[in-house]
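>>> sequence-free structure coming up:
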Ligand code: GLV
């Protein structure tokens, strides 16, 4: 029987399914497993199923002498040294597609929430400060319909955001490594920054996108514009974003991802009323998380059997 290491319990019946095909050693807690647990347990395993909080670097890959597959329960794979794994003949798989709609829904939710001050309004009521009846200039936000949406990156999630934007009659511009066959205008990065009312980040994290949105780029945005990021925190240089917000160089931000997660209670972003924060919830629906489990487990089993996985990361 194959031996596999699984670093987290997953929703749905898929771990039980995996147990029919392999001997499974699983970390049962909600906290990530200590690195030493992974390093010692991976030694005799044929497969490794991880989530995005486990760093699968050279040390882990070298420790997994029998590894044939690393299956990540995520679309992102920046936590895995994919190049090194592949050089060792280990296949790397991920779970795209099944989380696209859930993530695009959350992105749109963040966009609407920050534009229309939904979270701020909720906080105001709960803190007992809604003490005047309706008046014309109370809590005015930014109109979403007919405004310009800028999408950075045009992969699966970028397209799903684009589809949603159509329903809001938005003008959509985008920038990515190359133009795509989509119903939106391809522009250079400076134009994207200068013209977007809402700038949505959907690129993956890699050496080229690390700190891509730094002070010089963020200050090219309109002072009335909003930044929405649900991809990976380090695409945005967080200190610079804080500076840009302090100087009111942009109107606000909605963030699902951060340079360090979870963020500390001393994170300066917490102080801005015009910033909406969610704790990395992009794919967090029951349906999506179960589908991700199905894909991650099937990817793992298929690779162990020498068959093609549903999705494979190739560089
Ligand atoms: C979540 O962030 C993922 O990469 O699936």
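In hand now; what should we look at? Computed from a prediction, not measured in an experiment: that's the story for all the values here.
>>> tell me the domain ranges of this structure?
The domain map for the chain lists 2-94+286-304, 99-277, with the assignment taken from automatic domain parsing.
>>> which one of these lies closest to residue 310?
Nearest of those to residue 310, taken as Cβ to Cβ: domain 2-94+286-304 at 5.4 Å. Backbone N, C-alpha and C define where each C-beta goes, glycine included.
>>> does the ligand sit close to that closest one?
Yes: using Cβ under 6 Å from any ligand atom, domain 2-94+286-304 reaches the ligand at 52, 74, 75, 76.
>>> out of the residues you listed, which end up buried?
Buried members of those, counted by 16 or more other Cβ atoms under 10 Å: 52, 74, 75, 76.
>>> next step: the residues you listed restricted to helices.
Of these, none are assigned to helices by DSSP state H.
>>> can I get those in CSV with pLDDT?
Converted to CSV, these look like this (pLDDT from 0 to 100):
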residue, pLDDT
52, 98
74, 98
75, 98
76, 98
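>>> and these, which two are the farthest apart?
Across those (Cβ to Cβ), the longest gap, 9.1 Å, separates 52 and 75.
>>> the closest residue to the ligand within the stretch 101-250 of the chain - how many residues pack around it?
Residue of the stretch 101-250 of the chain nearest the ligand, by Cβ to the nearest ligand atom: residue 232 (7.2 Å). Using other Cβ atoms under 10 Å, residue 232 has 24 other residues around it.
>>> okay, now the nearest residue to residue 78 once chain neighbours are set aside: neighbour count?
Excluding the flanking residues, the one nearest residue 78 by Cβ to Cβ, 6 or more residues apart in numbering is residue 205, at 4.2 Å. Using other Cβ under 10 Å, residue 205 has 18 other residues around it.
>>> show me what contacts residue 205?
76, 78, 231, 232, 234, 235 (Cβ atoms under 8 Å, 6 or more residues apart in numbering).
>>> quick one: it and residue 52, what's the gap?
According to Cβ to Cβ, to the nearest Å, residue 205 and residue 52 sit 10 Å apart.
>>> now do the shared contacts for those two.
residue 76.
>>> run through who's touching stretch 208-217.
So stretch 208-217 is contacted by 152, 189, 193, 201, 203, 227, 232, 234-237, 240-241, 243-244 (Cβ under 8 Å, 6+ apart).
>>> ok, which pair from those is furthest apart?
Farthest pair in the contacts of stretch 208-217 (Cβ to Cβ) is 203 and 243. Separation: 21.7 Å.
>>> who has more neighbours out of those two?
Shown here are residue 203 and residue 243; by other Cβ under 10 Å, residue 203 has more neighbours (23 against 16).
>>> SS state for the more buried one?
Each residue gets one of three states, and residue 203 gets coil by DSSP: H, G, I helix; E, B strand; the rest coil.
>>> possible to save the domains of the chain as a markdown table with distance to residue 312?
Supplementary listing: the domains of the chain in a markdown table, determined by distance: least, Cβ to Cβ, whole Å:
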| stretch | distance to residue 312 |
| --- | --- |
| domain 2-94+286-304 | 5 |
| domain 99-277 | 15 |
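>>> on that earlier part again, in helices, which of the contacts of stretch 208-217 appear?
Among the contacts of stretch 208-217, the ones falling in helices (DSSP H) are 189, 193, 240, 241, 243, 244.
>>> burial count for the nearest residue to the last one once chain neighbours are set aside?
Sequence neighbours aside, residue 218 is the residue nearest to residue 244 in space, at 4.5 Å (criterion: Cβ to Cβ, 6+ apart). The number of residues packed near residue 218 is 22, by other Cβ under 10 Å.
>>> do the same with residue 275
Neighbourhood size, residue 275 [other Cβ under 10 Å]: 21.
>>> please apply the same query to the one 4 residues further on.
Residues lying near residue 279 (other Cβ under 10 Å) number 12.
>>> so what's it scoring on pLDDT?
Listed pLDDT for residue 279 reads 98.
>>> got it, and residue 315?
We note a pLDDT of 87 for residue 315 in this prediction.
>>> how far away from the center of its chain is the helix or strand encompassing residue 299?
Using DSSP states H and E, the secondary-structure element containing residue 299 is helix 286-304. Taking Cα atoms, centre = their mean, to the nearest Å, the mean C-alpha location of helix 286-304 is offset from the chain mean by 18 Å.
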